[in-house]
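When you get a sec, could you give me coordinates for this:
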Amino acid sequence: MERYIKMSDGHFVFTRTLTPTMPCRGHIHILHGMAEHSGRYSKFAQILCDAGYAVTMHDHRGHGETAAYNGTLGFFAEANGFDRVVEDVREVIVTMHAPFADVPLIVFGHSMGSFIARRYIQLYGQHVDNVILCGTGSVSPLHMVGHYVAQALAKQRGKETESALLNKLSFGSFNKQFANPKTAYDWLCSVEHEVQKYMDDPYCGFIPTNQFFVDLTAGFKELNRKKEIEKIKKNLPILLISGSKDPVGDAGQGVYKVAEQFAAAGIQDVTVYLFEDRRHEILNEDNQQAVHQVLLRWLEKYDTK
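Numbers count the residues shown, from 1 in each chain. Predicted coordinates for the structure are as follows:
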């Protein structure tokens, strides 16, 4: 089922729902990544649904059908856009979890969605039973440099102007570790036709705006604060999954840094799983069935149905 949900600021967010035919064992809400949309997770969502999970997802503002309906691709808001996107998640989940209120709530976030999920569990984790962070990474000083550059560009060239410079600074080096790349997006996945599908999708690969980068890096800075990480409930099970050659996770090093931050904050159940030689979009790699099995086995550990 597809529908729009009106947010508290009047913005309409596009959502998708899959409901299992068998007794529901949990509700998984998927948060997609940057410069893509929830429709790319339809196959994965169906696999989860076939395993007994209700699955919901939405297009973040500035992305997909949400942007097409009432926004600009690659633009969150005039100010504090990352906070607004996190608030969207809360409002969407409140609405979409209502039919599944008697089963566990699991939040799955990929890439940018994983950073949004990390902020979400800092603020609203008391309502979450499990969280899966896919293709995440650590926050570095370079992100803070990017924040000040983005602020200057937004002021000089306009908030809604595409930022080719920041886009290049963000992703320009990601292909370097791969020999003879055929496209600018080889770092996403080793399966050529999956990369081509991304390139052919009009809602993927767009260049975000100056203000988007202001908001995104501001969000990174906030979620990386020690006192914010310590707000996460200590008994929340967290699974971090990535490819061992994912540049977003610094080939695994950044993923382990995030896990160490969680452990230092007293979170008791943190698991890291790296898929050898796989890249950023592990859900689209040639071993995706193994990825699905790992995810489902991990969820089954907490299954109370």
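
tell me which element Val92 falls in.
helix 81-97 (DSSP states H and E).

Then Cys49?
Per DSSP H and E: helix 42-50 holds Cys49.

go on, Tyr273?
According to DSSP H and E, Tyr273 maps onto strand 270-275.

Not counting its own residues, what contacts that strand?
Strand 270-275 has contacts (C-beta atoms under 8 Å, 6 or more residues apart in numbering) with 237-244, 252, 255-256, 259, 262-263, 282, 285, 287, 290-291, 294, 298. Heads up, the C-betas are built off the backbone N, CA and C, glycines and all.

and if you look at stretch 180-200?
Outside stretch 180-200, the residues within contact range by C-beta under 8 Å, 6+ apart are 36, 40, 171, 174-175, 177-178, 204-205, 247, 277-281, 284-286.

Contacts only, for Met112.
32-34, 60, 216.

Restricted to helices, list those.
Counting by DSSP state H, the part of these found in helices is Leu216.

Kindly reformat the contacts of Met112 as CSV containing neighbour count.
Putting the contacts of Met112 into CSV (neighbours: other C-beta atoms under 10 Å) gives the following:
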residue, neighbour count
His32, 24
Gly33, 25
Met34, 24
His60, 29
Leu216, 25
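
possible to save the contacts of Met112 as a markdown table with pLDDT and distance to Val103?
Output for the contacts of Met112, formatted as a markdown table (pLDDT from 0 to 100; distance: C-beta to C-beta, whole Å):
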| residue | pLDDT | distance to Val103 |
| --- | --- | --- |
| His32 | 98 | 22 |
| Gly33 | 98 | 26 |
| Met34 | 98 | 30 |
| His60 | 98 | 25 |
| Leu216 | 97 | 32 |
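
Please produce JSON lines containing the contacts of Met112, extended by distance to Val149.
Below are those laid out as JSON lines (distance: C-beta to C-beta, whole Å):
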{"residue": "His32", "distance to Val149": "26"}
{"residue": "Gly33", "distance to Val149": "22"}
{"residue": "Met34", "distance to Val149": "17"}
{"residue": "His60", "distance to Val149": "23"}
{"residue": "Leu216", "distance to Val149": "12"}
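
of the contacts of Met112, closest to Ser138?
Top of the list for closeness to Ser138, among the contacts of Met112 and by C-beta to C-beta, is Leu216 at 14.9 Å.

That closest one and Leu296, how far apart?
Distance, Leu216 to Leu296, using C-beta to C-beta, to the nearest Å: 31 Å.
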